[in-house]
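>>> Fold the following, please.
(one chain, ligands or ions: 2)
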Amino acid sequence: MFDRSIYLNRRKSLRNKGLQGVGLILGNGESPMNCRDNTFHFRQDSSFLYFFGLDFPGLAGVIDFDSGKDYIFGDDVDIEDIIWMGPQVPLKENAQKVGIENTAPVAKLFEFITTTIQQGRKVHFLPPYRGENKMMLEKLTGISSLQIQNYASLQFIKAVIDIRSIKEPAEIIEIEKACATGYEMHVTAMKMAQPGMWEQKIAGTIEGIALAGGGMTSFPIILTQHGETLHNHNHSQLLKKGNLMLTDAGAESLLHYASDFTRTVPVGGKFTQKQREIYEIVLAANNRGQELTKPGTTYLSVHLAAAEVIVSGLKDLGLMKGDVKEAVRNGAHAMFYPHGLGHMMGLDVHDMEDLGQIYVGYDDEIRPVDQFGTAYLRLGRKLQPGFVITNEPGIYFIPALIDKWQSEKINNEFINFDKVNEYRDFGGIRLEDDILVTETGSKLIGERIPITPDEIEAIVSI
Ligand code: GLY
Ligand code: MN
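Ligands and ions are numbered 1, 2, ... in the order given. The predicted structure is shown next:
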């Protein structure tokens, strides 16, 4: 964990947000895989980690905005736990490491919350995403677990997002560590991208690199020759010469900060002319994205600028036609690029998505765009120094989408469907980097994973 001063400062920032009553942040419990004692790898709740730092199951943190006191509720282990899990540090001692003196068993949390409600004080909580915590909140507040999501405190959500959006220097160091592991994962995948290799073998090998780095992957690995399926977790195919292999993968650091990179490589090491041409467009969009990323600029405008690079490139190849800006205004790029340019990244790969994407990525000034493609943009608002974001344009040929648009004549005036149909079995290309917004612009986090076609060919051919 970080130094206790970091957790003290974070809770102080939260206390300075003008909330009244208490803020309750539930940690996560163990999550059974197929029976109670056979659990998934434990992952603490990110907001709990952020403000209370302790990486163990079964805890709850409370910030009393009225009295200024902080509490951690949790149960100390008993002798049976010690027999199976070894000696454990008492909760009181652990809590002191994050600057908290007040600890109590979980049973006391019920008394505490009941009393707070009886006093007419507000209990602010964040939207729960795990069934166990929904049930816990139902028991604590009396609100049905089916409805509890709607009672999360917007004021609390916005305060937490405000604070977590700006990464501290110590957090950047953690993200750099996650990026260094991500680098190793991707270069390893590139070297293994040989005809006759199973996708699963590469996915398993690079997942092992994440685990060996001390953390786990920051999300389930996407590794596929069908990159046109955006979140393809099927790794069941043998690699075939001439195909593209798309790998979207990242690691968590020991303190659970994420990395998230995508690279696309030719199986066997040589891009075809067609692949290289599309690849260069995606790379140009990625480079343009980073070039435009700076404080004060909206990420929505950067997303649209990347879309213009894509349309312009596809027009040069004869796949699109018409005025580039008008095509983007009409959303014509989205048949090839049906997702957003990127998202916030931090303790979560899609940082704070559990708190509500609309609050993380948008504000009163920049509202979500209700147009196919851009509607998936997770971050649209003005960038600020300290934001860590991803830059991940892509071009995909999705046969079902091509057929739908062609038959319904969607954006017919901007798309040469005859030419597009020559690319039906192309797959997809996405290139993703992780970026820190600085005071004056932006910088890539960590060493850039090889990305030019020549760099890629040299590595895959080794
Ligand atoms: N890396 C997966 C995603 O950003 O959705
Ligand atoms: Mn991403």
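>>> Find the helix or strand that T262 is a member of.
Element membership of T262 [criterion: DSSP states H and E] is strand 261-266.
>>> does stretch 371-391 come close to ligand 2?
Yes. Using CB under 5 Å from the ion, we find that stretch 371-391 touches ligand 2 at T390. Every residue, glycine included, has its C-beta placed from N, CA and C.
>>> Name the residues of that stretch that are buried.
373-374, 376-381, 383, 385-391 (16 or more other CB atoms under 10 Å).
>>> quick revisit: buried residues in the strand holding T262?
Within strand 261-266, the residues scored as buried using 16+ other CB under 10 Å are F261, T262, R263, T264, V265, P266.
>>> from the stretch 201-350 of the chain, which residue is nearest to ligand 2?
Closest to ligand 2 within the stretch 201-350 of the chain is D260: 4.2 Å, counting by CB to the ion.
>>> Find me whatever residue is spatially closest to that residue, sequence neighbours aside.
G250 (4.0 Å; CB to CB, 6 or more residues apart in numbering).
>>> Next: Y423.
F397 (4.6 Å).
>>> same deal with I402?
With sequence-adjacent residues excluded and distances taken as CB to CB, 6+ apart, I402 is closest to V420, at 5.8 Å.
>>> What does the pLDDT read for Y183?
At Y183, the pLDDT value in this model is 98.
>>> Same check on K139?
At K139, the model reports a pLDDT of 97.
>>> Run the chain-centre distance for whichever strand or helix holds it.
Assigning secondary structure by DSSP H and E places K139 in helix 131-141. On the basis of CA atoms, centre = their mean, to the nearest Å, helix 131-141 sits 26 Å off its chain's mean C-alpha point.
>>> Excluding its own residues, what touches that helix? List them.
With contacts defined as CB atoms under 8 Å, 6 or more residues apart in numbering, helix 131-141 is touched by 24, 26, 28-29, 31, 45, 109-110, 113-114, 117, 123, 125, 128, 143-145, 148-149, 151.
>>> Now do the buried residues in that helix.
Applying 16+ other CB under 10 Å to helix 131-141 flags E132, N133, K134, M136, L137, E138, L140, T141 as buried.
>>> ok, now stretch 281-293?
Residues I281, V282, L283, A284, A285, N286, N287, R288, G289, Q290, L292, T293 are the ones in stretch 281-293 that count as buried (16+ other CB under 10 Å).
>>> Run through who's touching that stretch.
Residues from elsewhere that reach stretch 281-293, judged by CB under 8 Å, 6+ apart: 264, 299, 301-303, 305-307, 309-310, 313-314, 317, 341-342, 383, 389, 391-395, 429-433, 435, 437, 441-442, 444, 451-453.
>>> got the residues of the stretch 151-300 of the chain near ligand 1?
F219, D248, D260 (CB under 6 Å from any ligand atom).
>>> Am I right that the second one is in a strand?
Yes. Assessed with DSSP: H, G, I helix; E, B strand; the rest coil, D248 lies in a strand.
>>> List the contacts of L431.
Listed by CB under 8 Å, 6+ apart, the contact partners of L431 are T262, R263, T264, V282, L283, N286, E392, P393, G394, I451.
>>> so can I have a markdown table of the buried residues of stretch 281-293 showing pLDDT?
As requested, these are arranged in a markdown table below (pLDDT from 0 to 100):
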| residue | pLDDT |
| --- | --- |
| I281 | 99 |
| V282 | 99 |
| L283 | 99 |
| A284 | 99 |
| A285 | 99 |
| N286 | 99 |
| N287 | 98 |
| R288 | 98 |
| G289 | 98 |
| Q290 | 98 |
| L292 | 98 |
| T293 | 98 |
